[in-house]
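[1] what follows is a predicted protein model with its sequence.
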Amino acid sequence: MASPVPKPPDARQRRAAVAGNPVRRLPASGRTGPAPKPPVPLGTEGRRWWRWAWKTPQALTWHVGTMETVVKRAQMEDRFADADAPPDMARITALILRLDDALGLSPTGAAKLHLTFVDDEPEVKVPEGAKNVTPIRNRLKGMRE
């Protein structure tokens, strides 16, 4: 039995339209500038994590609504450093992993938030005689987007 005849191009319909979150392209170099002051007092490990977290590319997507989650994650670093018993450490570790997913700090969390990390474009050195020539990277840049 032969396959059905395809519809003409003007009668074809796309049934499943792409919807949802667009991919967010973040520079792999991360956020620049100093970290904001934590809204609550943190211990040594929490402050160290706080400074590190605000240098990550994911920090560019954080806003006032995520501040509570970021603070909670920093506090978990202090609680983990103070934990003595393995059951306590296991519960804290599970919560840390869940918070990392919510903030996009794990590969799974970054994928759920549609985060993509891109390298910074290297600076193109132009020879002296080619001042009016457009570099090939700039020509291709418009084709990729």
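    Yep, it's here. Being a predicted model, the structure only gives us computed values, none of them experimental.
[2] tell me the phi and psi of the closest residue to T56 other than its chain neighbours?
    Closest residue in space to T56, ignoring its immediate chain neighbours: G30 at 5.3 Å, by C-beta to C-beta, 6 or more residues apart in numbering. In short, each C-beta sits where N, CA and C put it, glycine included. The phi/psi pair for G30 (degrees, to the nearest 10) reads phi 90, psi -170.
[3] so what does whatever helix or strand G109 lives in touch, helix or strand wise?
    Counting by DSSP states H and E, the element that carries G109 is helix 107-112. If contacts are counted by 3 or more C-beta pairs under 8 Å, 6 or more residues apart in numbering; DSSP states H and E, helix 107-112 sits against helix 86-103.
[4] about what we covered before: now for the residue nearest to T56: which residues touch it?
    G30 makes contact with 55-57, 59-60, according to C-beta atoms under 8 Å, 6 or more residues apart in numbering.
[5] 10 Å instead?
    52, 54-60, 117 (C-beta atoms under 10 Å, 6 or more residues apart in numbering).
[6] quick one: the helices in this structure, in order.
    All helices of the chain, identified by DSSP state H, fall at 44-53, 67-82, 86-103, 107-112, 136-144.
[7] how about the contacts made by L105?
    L105 neighbours (C-beta under 10 Å, 6+ apart): 53, 56-59, 70, 73, 96-97, 99.
[8] adding distance to P6 and pLDDT, write those out as JSON lines.
    Listed next are the contacts of L105 as JSON lines, based on distance: C-beta to C-beta, whole Å; pLDDT from 0 to 100:
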{"residue": "A53", "distance to P6": "53", "pLDDT": "96"}
{"residue": "T56", "distance to P6": "49", "pLDDT": "95"}
{"residue": "P57", "distance to P6": "45", "pLDDT": "94"}
{"residue": "Q58", "distance to P6": "45", "pLDDT": "95"}
{"residue": "A59", "distance to P6": "49", "pLDDT": "95"}
{"residue": "V70", "distance to P6": "53", "pLDDT": "96"}
{"residue": "R73", "distance to P6": "53", "pLDDT": "96"}
{"residue": "I96", "distance to P6": "53", "pLDDT": "95"}
{"residue": "L97", "distance to P6": "49", "pLDDT": "95"}
{"residue": "L99", "distance to P6": "50", "pLDDT": "96"}
